[in-house]
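> Here you go, sequence then predicted model.
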Amino acid sequence: MSTNPVPLSEGGRHPADRPDTLIRAPVDVEGGSPPTPREFATAVELVDASGVVEVVGPLVDSDIGRPRSLNFRAFCVAAQVNALRPHHVAHLVAITKVMNSFSHEQLQALGITDWGFANSYLRFERLFLRIFQIFREGNVVDVDGEPTTIDARWVANREISASRPSEYVTSGSIAIDGTDVPTWGRLHGDVETLVLDLEETDEERSDDVIDFVARTARKKRRARILGVGPDGRNIYTADPTARAGWRSATGKRKAGPFNGYELHTLVQTRDLAWSNGVTRARVGPQVPPLILGIALVPAGTHRSRTVVPMLLEGKERGWRIDDVLVDPGYSLAKPEFLMHPLHEAGIHVTFRPASHQWKAKPFSEDAIVSGGQLFDARLPEDLRDLRPPGRDATASEKTEIEEAFNRKAPYRYTLHAGPDDEGFTRWRSPFSAGLLRSRELPWTMRRPVDSGPLVSLPPGTRPAATISVSAADLPLRQRLPTGTAAHNISMGRRQIVETMNAQLKGGFVDLEKGQFRVFGTDKIEFLLGFTIAALNVRTVRMWRARLAAESLNAAKPRPRARRRRGTYGQVLALTQAGSPSDPVRGPPR
């Protein structure tokens, strides 16, 4: 087994002659599995289709000095081949082994004429560092006619864009979620003693995070703080950009703090085709769960302020974004960080309100706000403080609560017009919309008895047919009343992003500690782009196989059903006629 020799320093002197130089242990870069022709062709196609080589390559290569033996295109192809393999690790050593396994013809196809194992890892390391030196310089390049800042996120999302065929991006609905990516750095202390200096305010945090912060404040011994970053948040490891954050519970672990990063993924999901507004909803046709974009940020970074710019930028680039499905981690944000920017761009937000958002509040003489939506002020008391079922609720409890929300739905105001350019909307009262009846309003009694509940109004009371509402007064509005059966069906479309997170946490790759052996948000996000692109390639292949199987099954002729013998009708008819019969074989012929 050969190893890389330790390179000589400047002037031909060995590093050991310098007391301030630490000699690196030899790195084994042999034994890589050669790529199949399909793997190599797929990686080359993705890298070339992304367009990153034409933009980043000239910035990396220098006009003076000896030409590089390893070019940027070859680096990306080797990284992509490594990522195409399930359960890979995004280590520079692994990528170097892939490069060393290329055949002579594959190396020539990448423009490499002289390649050897000696110092191959050092070549990858030098080019890797040079790439991020370019990113830190903040180069602005004209891309597709627009000035674009070249950084790791741009490269990662260009790779992801090349991995999703345009004919399969057919939905206007996007499900968003965040998943934790722990840092490789060592934490000095217990993770339970981390101080959660999150960017969200107390009103934007969930109840379990608030409880943990209160418990941590009473502890005397805490995790060792190595410094404070430029964002004013604590640094706990040698990774300078990793921060303390909160991750939700899974089947393997409980909810709690961690140190590292948070990956936000935008996944295509099915559209909502139709709904009667309360009990029934029909979703659109199946679509492949492709990841449309990602953003990797230090843990504890404000979630909504991270994903909203991505959505707005995608819509400007031509994405059809009509509906965004989020969990309370995003919807708890202040309206100016999520709801208002998306509503202004014409993007609807589907979510389940948090516990404190369900509290009924007076809005006007005729209306109240509950769960972020308008309801008639005559809403019964037993329906005012409804809460969605908890995670541990049984099926019967969930059904009971859903039926209560369905009974609450007829008291809702329905959207009549808007929003206009300034965000104002106009809403119809439930009496005017035909959802409620009252004897004090004779024209509502002409409707069928089952058209809506009968409400008693004080004499002389005539609720306004419509009311005008500003964007600031109703930021949490939704198309479907929350908690109803229709809204639950619509929210079920968000489960696809959880499925893709499962692929990133063990199904295709495991983004736990050790997946990346580099420090820094930009380095991890750069390598992560190849992994997400490979996951999209796998998703497209599975989708095409499914379509092929469905087409084959549809083309097969359906066999004629066998005539059933010995049925009750045959046996009883023959018995009544007085003819002997065999209950198995049927009547005699």
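Ah, there it is. What you see is a predicted model, and the numbers here were worked out from it, not measured in a lab.
> domains of the protein?
Here the domain parsing of the chain from automatic domain parsing is 10-150, 169-351+493-504, 355-477, 561-589.
> So which of those domains is nearest Asn157?
Nearest of the domains of the chain to Asn157, taken as CB to CB: domain 169-351+493-504 at 5.2 Å. Where you see a C-beta, it was placed from the backbone N, CA and C, and this is true even at glycine.
> What separates the first and last residues of that closest one, distance-wise?
Its start and end residues considered, domain 169-351+493-504 measures 21 Å (CA to CA, to the nearest Å).
> picking up where we left off before, out of the domains of the chain, which is the most enclosed?
domain 169-351+493-504 (a mean of 18; mean count of other CB atoms under 10 Å).
> Which strand runs longest in the chain?
As assigned by DSSP state E, the longest strand anywhere in the chain is strand 256-269.
> so Phe72 makes contact with Pro58?
No - using CB atoms under 8 Å, Phe72 is not in contact with Pro58, being 9.1 Å away.
> Could you report the distance from the nearest residue to Thr250 once chain neighbours are set aside to His87?
In space, and not counting its chain neighbours, Thr250 is closest to Lys505: 7.7 Å by CB to CB, 6 or more residues apart in numbering. As judged by CB to CB, to the nearest Å, Lys505 and His87 stand 12 Å apart.
> before we move on, back to that, next, format the domains of the chain as a markdown table and append distance to His487.
Shown next, in a markdown table, are the domains of the chain (distance: least, CB to CB, whole Å):
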| stretch | distance to His487 |
| --- | --- |
| domain 10-150 | 37 |
| domain 169-351+493-504 | 8 |
| domain 355-477 | 8 |
| domain 561-589 | 41 |
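> Redo these as TSV? Include mean pLDDT and distance to Glu525.
Compiled in TSV, the domains of the chain are given as follows (pLDDT from 0 to 100; distance: least, CB to CB, whole Å):
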stretch	mean pLDDT	distance to Glu525
domain 10-150	87	10
domain 169-351+493-504	92	4
domain 355-477	93	31
domain 561-589	68	57
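> Can you name the residues that contact Arg305?
Counting by CB atoms under 8 Å, 6 or more residues apart in numbering, Arg305 touches Glu199, Ala333, Phe337.
> Mind doing that once more with 6 Å?
Arg305 is in contact with Phe337, counting by CB atoms under 6 Å, 6 or more residues apart in numbering.
> The one 10 residues further on now?
The neighbours of Lys315, taking CB under 6 Å, 6+ apart as the test, are Ile321, Ala345.
> Tell me the bridge partners for the residue nearest to Thr250.
Asp510 (DSSP bridges).
> I'd like the distance between it and Thr279.
Using CB to CB, Lys505 is found at 35 Å from Thr279.
> Pro388 too?
17 Å.
> Need the nearest residue in space to Thr241, chain neighbours excluded.
Spatial nearest neighbour of Thr241, chain neighbours left out: Thr521 (4.6 Å); criterion: CB to CB, 6+ apart.
> count of residues packed around the one you found?
Thr521 has 21 neighbouring residues, counting by other CB atoms under 10 Å.
> Check it and give its pLDDT.
Looking at Thr521, its pLDDT reads 97.
> May I have the secondary structure class of Thr96?
helix (DSSP: H, G, I helix; E, B strand; the rest coil).
> Could you pull up the contacting residues of it?
Thr96 sits next to Val29, Ser120, Tyr121, Phe124 when contact means CB under 6 Å, 6+ apart.
> mind redoing it with 8 Å?
Applying CB under 8 Å, 6+ apart, we find Thr96 in contact with Val27, Val29, Ala78, Ser120, Tyr121, Phe124.
> can you redo those residues as CSV with secondary structure and distance to Arg38?
Compiled in CSV, the contacts of Thr96 are given as follows (DSSP: H, G, I helix; E, B strand; the rest coil; distance: CB to CB, whole Å):
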residue, secondary structure, distance to Arg38
Val27, coil, 29
Val29, coil, 24
Ala78, helix, 16
Ser120, helix, 24
Tyr121, helix, 27
Phe124, helix, 24
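> Distance check, Leu129 against Leu122.
Applying CB to CB, the value for Leu129 to Leu122 is 11 Å.
> do Gly483 as well
For Gly483 relative to Leu122 (CB to CB), the value is 60 Å.
> Also Thr414?
Applying CB to CB, the value for Thr414 to Leu122 is 67 Å.
> Please apply the same query to Asp190.
Counting by CB to CB, the gap from Asp190 to Leu122 is 38 Å.
> Now do the longest helix that the chain contains against strand 256-269, angle only.
Secondary structure of the chain per DSSP state H: the longest helix is helix 521-555. Here helix 521-555 runs at an angle of 40 degrees relative to strand 256-269 (axes from the mean of the first three to the mean of the last three CA atoms, to 10 degrees).
> which parts of helix 521-555 are buried?
By neighbour count on 16 or more other CB atoms under 10 Å, the buried set for helix 521-555 is 521-540, 543.
> Please compute how far that helix lies from its chain's middle.
Relative to the chain's own centre, helix 521-555 is displaced by 15 Å; criterion: CA atoms, centre = their mean, to the nearest Å.
> Against which helices or strands is that helix packed?
Using 3 or more CB pairs under 8 Å, 6 or more residues apart in numbering; DSSP states H and E, the elements in contact with helix 521-555 are helix 37-50, helix 72-83, helix 120-136, helix 152-162, strand 256-269, strand 291-298, helix 495-504.
> what's the closest of those to Tyr568?
helix 495-504 (44.2 Å).
> So what touches the closest one?
175-177, 179, 263, 265, 267-270, 289, 291, 325, 509-511, 531, 535.
> One more pass at 7 Å, please.
Residues from elsewhere that reach helix 495-504 (CB atoms under 7 Å, 6 or more residues apart in numbering): Ala175, Ile176, Asp177, Thr179, Thr265, Val267, Thr269, Pro289, Ile291, Leu511, Leu535.
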